[in-house]
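> Predicted model and sequence below, questions to follow.
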Amino acid sequence: MSSTDALLETNSRGPVAEYIRNSLYLNAIRRIVKEKPLGLIGMVMFAVFLTLAIIGPMIAPHDPNQLGTGPRLEGPQWGYPLGTDNLARDMWSRVLTGYRVSMTLGFIVVVTSTLVAVILGVVSGFLGGWTDTILQRFVDAFIAFPGLVFLMVVQAIFFGFEFPFLPSSGIMSSSGFTMMLAMTLLVSIGNSRIMRGATLSIKSEVYVEAAASLGATQSRIMLKHILPNIMATALTIATLNLGGIILFEATLSYLGLGLPPDVPTWGGMLSREARNWMSQAPWLALGPGLALSLAIFSINVFGDALRDVLDPRLRGR
């Protein structure tokens, strides 16, 4: 290795990047356990919900779409903890399956939107000039549009449209794919502004300027110096966005613009079974409503605590 390469490799281990390599996220979890009791509660609840998303359909006593599993519109009782709906389907099985649907869709959108936001933010912030100007004016125009209205418009335009390469039902159906694509676009463009700000902050560091003066290419600087130092910010906004994405999906399903009816979603349960039979069977809203509220609460509380321990300014350092 030449002396120039050795110096560039040394500079790539800036203060933030070196901290990330030294188990930054494990240290963050330890700080949450010791210093953030509410964040610890949110983290434990989030872990439980992730577990239910993985094993929920396997431990569900009935098929969530099976008709006539028990008495029709019966309240909570032994064997049916959340009662049955108007089609005699077990609500407990449907709520358990809803965990996997919401978490799967949420994680897909979070991963893709964070990746797009990081790419846009790093390119815009590091290159600057006309590239930054054009991208930021596009971002300004896009974020001025109400998010929920944008999602409703996209879903309404593609309502009933079938992509030939997608299955006709399930999360990856045409309506599900369209919804995830629209949410990815909505979340990523807004978050790219945050990633741009983080890039501008790292760009002014001495080790980045030293790498540029030693002849490092722009792509090397972005990959070896900028990207590792903004991963904590990317993780934080991804965690905070997960709850909003799940809520967006529930809202669209409640409005009839979400996943197909054969997919048990919390928003769909609140829209169809609960709304139509609320006066006669109020327990139909209890299961999906409580599951949705607790899931979003745990994600937001855990995300706030993670932000506090990962941001040096909020730690008072």
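Everything's here; your move.
> Tell me who's in contact with Ser175.
Ser175 makes contact with Gln155, Phe158, Phe159, Leu257, Gly258, Leu259, Pro260, according to C-beta atoms under 8 Å, 6 or more residues apart in numbering. C-beta coordinates here come from the backbone N, C-alpha and C atoms, glycine included.
> Give me the phi and psi for the residue nearest to Asp262 when sequence neighbours are not counted.
Excluding the flanking residues, the one nearest Asp262 by C-beta to C-beta, 6 or more residues apart in numbering is Ser169, at 5.2 Å. Ser169 adopts backbone torsions of phi -140, psi 170, taken as degrees, to the nearest 10.
> can you pull the contacts of Ser169?
Listed by C-beta under 8 Å, 6+ apart, the contact partners of Ser169 are Pro260, Asp262, Val263.
> where's it relative to Glu162, distance?
Distance, Ser169 to Glu162, by C-beta to C-beta, to the nearest Å: 11 Å.
> Now the phi/psi pair for Gln77, please.
Dihedral angles for Gln77 - degrees, to the nearest 10 - are phi -160, psi 180.
> Could you pull up the contacting residues of Glu209?
Under the criterion of C-beta under 8 Å, 6+ apart, Glu209 has no neighbours.
> any idea which helix or strand carries it?
helix 206-213 (DSSP states H and E).
> what mean pLDDT would you report for that helix?
For helix 206-213, the mean pLDDT works out to 82.
> Output the contacting helices and strands for the next helix-or-strand element following it.
Next along the chain after helix 206-213, taking DSSP H and E as the criterion, comes helix 218-221. Applying 3 or more C-beta pairs under 8 Å, 6 or more residues apart in numbering; DSSP states H and E, we find helix 218-221 packed against helix 91-127, helix 206-213.
> Could you double-check that Gly106 sits in contact with Ile245?
Yes - under the criterion of C-beta atoms under 8 Å, Gly106 makes contact with Ile245 at 4.8 Å.
> just the helices in the protein please.
Counting by DSSP state H, the chain has helices at residues 3-11, 15-21, 24-35, 37-59, 91-127, 129-143, 147-157, 174-203, 206-213, 218-221, 231-254, 266-269, 275-276, 283-310.
> quick revisit: and the gap between the residue nearest to Asp262 and Leu82?
Ser169 is 24 Å from Leu82, by C-beta to C-beta.
> about what we covered before: worst mean pLDDT among the helices and strands packed on helix 218-221?
Lowest mean pLDDT within the helices and strands packed on helix 218-221: helix 206-213, at a mean of 82.
> Where does pLDDT dip in the stretch 201-317 of the chain?
311-317 (pLDDT under 70).
> From the contacts of Ser169, keep the buried residues only.
Among the contacts of Ser169, those scoring as buried are Pro260, Val263 (criterion: 16 or more other C-beta atoms under 10 Å).
> circling back to that earlier point, dump the helix holding Glu209 to PDB, keeping only the CA atoms.
Coordinates of each C-alpha in helix 206-213 appear next as PDB, following Å, rounded to 0.1, in the frame of the first residue of the first chain:
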ATOM      1  CA  VAL A 206     -10.900  18.300   8.000                       C
ATOM      2  CA  TYR A 207     -10.400  14.600   7.100                       C
ATOM      3  CA  VAL A 208     -12.700  15.000   4.100                       C
ATOM      4  CA  GLU A 209     -10.900  18.100   2.900                       C
ATOM      5  CA  ALA A 210      -7.600  16.200   3.400                       C
ATOM      6  CA  ALA A 211      -8.800  13.300   1.300                       C
ATOM      7  CA  ALA A 212      -9.800  15.600  -1.500                       C
ATOM      8  CA  SER A 213      -6.400  17.400  -1.400                       C
END
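> Start at 58, not 1
Yep, numbering from 58; the last one is helix 263-270 now.
> Would you mind listing the buried residues in it?
Tyr264, Val265, Ala267, Ala268, Ala269.
> most centrally placed residue in the protein?
Leu299 (2.7 Å; C-alpha atoms, centre = their mean).
> mind listing what it touches?
Residues near Leu299 by C-beta under 8 Å, 6+ apart: Gly163, Phe164, Val167, Ile356, Gly360.
> give me the number of residues near the fourth one?
The number of residues packed near Ile356 is 26, by other C-beta atoms under 10 Å.
> mind listing what the residue lying closest to it once chain neighbours are set aside touches?
Nearest residue to Ile356 in three dimensions, chain neighbours excluded: Gly300, at 3.8 Å (C-beta to C-beta, 6+ apart). Neighbour list for Gly300: Ala352, Ile353, Ile356, Asn357, Gly360 [criterion: C-beta under 8 Å, 6+ apart].
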